[in-house]
Structures are given as C-alpha cells and as structure tokens.
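Participant: Got a predicted structure here, sequence first:
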Amino acid sequence: MEKKELKAFLDEKVLLYNKPGFIESDPIQIPHLFTQKEDIEIAGFLAATIAWGNRKMIINNAKKMVALMGDSPYDFVLHHKEHHLEQLESFVHRTFNGLDFITFIKSLKNVYQNHGGLEAVFAKHRKHNSLQPAIHEFKKVFFEIEHQNRTHKHVSDPLTGSAAKRINMYLRWMVRNDNTGVDLGIWKSVSPSLLSCPLDVHSGNVARKLGILTRKQNDARALAELDAALREMDITDPVKYDFALFGLGVFEGF
C-alpha cells in the first residue's frame with residue numbers, strides 16, 4: 001500500500017476499534033471502575049503490570065488485586081499497616097506473586113508520599129520527543145525503597161533494550177483522551193504526542209505485514225522504528241494506531 005492508502009486504512013480501523021465496546025474484553029476496564037484520579041492511576045498501573053497472558057485471566061486477577069485492597073487502591077496504598085499486607089501474600093499471576101504485590105504497594109506509597117504521585121514522576125522526566133527516558137527514571141524511583149531483586153523484572157526499562165509494552169500501554173490509558181471513553185486521559189501534564197505504541201506480538205506482526213516495521217525483535221529499537229512510522233501518520237496522536245494494529249491482529253487475524 002502507498003503511504004496515503006495505508007494511513008486511510010489504519011484510520012478506518014482506529015474508528016472501528018477505538019470505541020467503548022473495546023473496554024469489555026480489555027484490562028483497561030479495571031481503571032474504568034474508579035472515579036478518583038489516584039484510584040484510576042493505581043488500579044491502572046497494577047492491571048497493566050500483570051497484562052501478559054490470557055486476557056480473561058489478566059482481568060480476573062486484576063479484579064482480585066483491587067478487591068484485596070478493599071476496592072480503594074489509593075487509600076490502601078497510603079494508609080495500609082504491615083498486617084494489612086499479609087492478605088496480599090497469596091496473590092499470584094504467572095511470575096508476579098504476593099511478594100511482588102507487597103513491594104509494589106510499598107513503592108507506590110513512596111511515589112505518592114515523596115515524589116508527588118505517578119503523573120508527577122513521568123512528567124518530570126519526559127523529553128521533548130519521548131517518554132521512554134521517563135520510564136527509565138520511573139523505574140529508578142520505584143525501586144529506591146528496600147526490595148528483593150526478583151521484583152525488578154516486573155518494571156521494564158527501555159534504556160536496557162525493552163519495548164516496555166505494559167508501561168507504554170498504561171501511559172496510553174492515562175495520557176490519551178480519545179473522546180470516545182476508552183482511554184482515560186486524566187494526565188494533563190504529558191502530551192499524547194510523546195506516547196509510544198505498546199509493542200507486542202500482535203501489533204508487531206501486523207506492523208511488519210504492513211511494511212511499517214522491519215526489525216524482527218519486539219525490542220526498544222523496533223519500538224523506535226514503529227514510533228517514527230506512526231508519527232508520520234499522526235504527529236499529535238500517534239498511538240491511536242495501537243487500536244488498529246492490535247485490532248487487526250487479535251480480532252481479525254490479519
């Protein structure tokens with residue numbers, strides 16, 4: 001396809017998938033359960049963290065996480081006592097276990113008490129053309145508390161070569177306001193133009209078939225290549241095409 005034709009094709013797919021019906025089968029439904037900003041961003045961060053594997057299992061386990069926090073994520077993060085954390089010990093989602101969950105709660109408390117919250121950390125470290133350095137700095141802040149090394153793998157770092165799919169997806173949820181009620185768009189201090197596509201096996205394979213990605217690995221270099229192509233199509237909202245790439249791969253078997 002010519003560039004103009006490809007853009008028209010993908011724009012059409014964005015309109016098809018970037019609408020409320022998408023929420024029903026996606027982990028984005030978890031932050032949609034809440035109305036308070038901090039509840040939305042904490043629930044979203046935890047749901048995005050475990051967003052790999054079977055989507056139904058992801059959603060069910062994310063709901064368990066929220067329930068274990070008394071359906072009040074921000075209040076639990078800020079005001080929990082040590083004995084409250086014991087109820088988290090039994091949680092497991094694939095390699096993310098109760099110990100990881102407890103570390104995340106303690107880290108989030110530090111982020112809100114000492115760094116102004118999740119939005120403030122990402123906004124502080126954003127660059128003029130990318131949020132990938134901000135993800136790197138966020139990971140440093142997140143693990144400045146005492147923790148076990150095993151939990152490190154659950155927060156990706158683009159500067160070590162990762163495509164950081166789950167955090168980029170989370171940032172899309174928080175930053176992008178799509179005016180359809182899917183992405184939440186509650187972070188006003190970060191521009192959607194800085195977002196990167198949540199690159200996974202589905203979006204990567206579709207992008208390669210469409211000729212907008214040549215690198216075979218789904219890593220940071222591939223993400224940079226894909227971002228450049230998507231920004232050519234829409235400099236202000238490049239990540240809207242995540243809906244097209246993901247929809248074509250998951251729902252249409254493209």
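Facilitator: Now that the structure is in, tell me what you want to look at.

Participant: and the spatially closest residue to S72 that is not a sequence neighbour, how many neighbours?
Facilitator: Computed as CB to CB, 6 or more residues apart in numbering, the closest residue to S72 that is not its neighbour in sequence is D39, at 7.0 Å. Yep, even glycine has a C-beta here, placed from its N, CA and C like the rest. Taking other CB atoms under 10 Å as the criterion, the count of residues near D39 is 21.

Participant: likewise Q29?
Facilitator: Q29: 15 surrounding residues under other CB under 10 Å.

Participant: ok, now which ones touch I235?
Facilitator: S193 (CB atoms under 8 Å, 6 or more residues apart in numbering).

Participant: Would you agree it falls within a helix?
Facilitator: No. Using DSSP: H, G, I helix; E, B strand; the rest coil, the assignment for I235 is coil, not a helix.

Participant: Backbone dihedrals for it, please?
Facilitator: In terms of degrees, to the nearest 10, the main-chain angles of I235 are phi -70, psi -30.

Participant: what's the distance between it and P73?
Facilitator: Separation of I235 from P73 (CB to CB, to the nearest Å): 34 Å.

Participant: And E2, what's its pLDDT?
Facilitator: What the model reports for E2 is a pLDDT of 89.

Participant: Look up how far L226 lies from it.
Facilitator: From E2 to L226 the distance is 19 Å (CB to CB).

Participant: In the chain, which residue is most central in space?
Facilitator: Y170 (2.1 Å; CA atoms, centre = their mean).

Participant: Verify the stated contact: that residue with L46.
Facilitator: No. Between Y170 and L46 there is no contact under CB atoms under 8 Å: 9.6 Å.

Participant: Report the buried residues of stretch 135-144.
Facilitator: Of all the residues in stretch 135-144, those buried under the rule 16 or more other CB atoms under 10 Å are 135-139, 141-143.

Participant: which other residues reach that stretch?
Facilitator: Contacts of stretch 135-144 (CB under 8 Å, 6+ apart): 107, 110-111, 115, 121-122, 124-125, 151-152, 155-159, 164, 167-168, 171.

Participant: longest helix anywhere in the protein?
Facilitator: Identified as the longest helix of the chain according to DSSP state H is helix 98-114.

Participant: Counting neighbours, which bits of that helix end up buried?
Facilitator: Per 16+ other CB under 10 Å, helix 98-114 contains these buried residues: 98-109, 111-112.

Participant: could you say what helices and strands the helix or strand immediately after that helix in the chain packs with?
Facilitator: Downstream of helix 98-114, the next assigned helix or strand under DSSP states H and E is helix 118-124. When contacts are defined as 3 or more CB pairs under 8 Å, 6 or more residues apart in numbering; DSSP states H and E, helix 118-124 packs onto helix 37-49, helix 98-114, helix 132-142, helix 165-175.

Participant: Using PDB, write out every CA atom in helix 118-124.
Facilitator: Extracted in PDB, the C-alpha atoms of helix 118-124 (Å, rounded to 0.1, in the frame of the first residue of the first chain):
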ATOM      1  CA  LEU A 118       2.700   8.700  39.400                       C
ATOM      2  CA  GLU A 119       1.900  11.500  36.900                       C
ATOM      3  CA  ALA A 120       4.500  13.800  38.500                       C
ATOM      4  CA  VAL A 121       7.300  11.300  38.100                       C
ATOM      5  CA  PHE A 122       6.600  10.700  34.400                       C
ATOM      6  CA  ALA A 123       6.000  14.400  33.700                       C
ATOM      7  CA  LYS A 124       9.200  15.400  35.400                       C
END
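
Participant: Just the buried positions in that helix, please.
Facilitator: 118-119, 121-123.

Participant: same thing with stretch 214-222?
Facilitator: Across stretch 214-222, burial judged by 16+ other CB under 10 Å covers 215, 218-220, 222.

Participant: Export the residues you listed to a markdown table and append columns for secondary structure.
Facilitator: Below are the buried residues of stretch 214-222 laid out as a markdown table (three-state DSSP):
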| residue | secondary structure |
| --- | --- |
| R215 | coil |
| N218 | coil |
| D219 | strand |
| A220 | helix |
| A222 | helix |
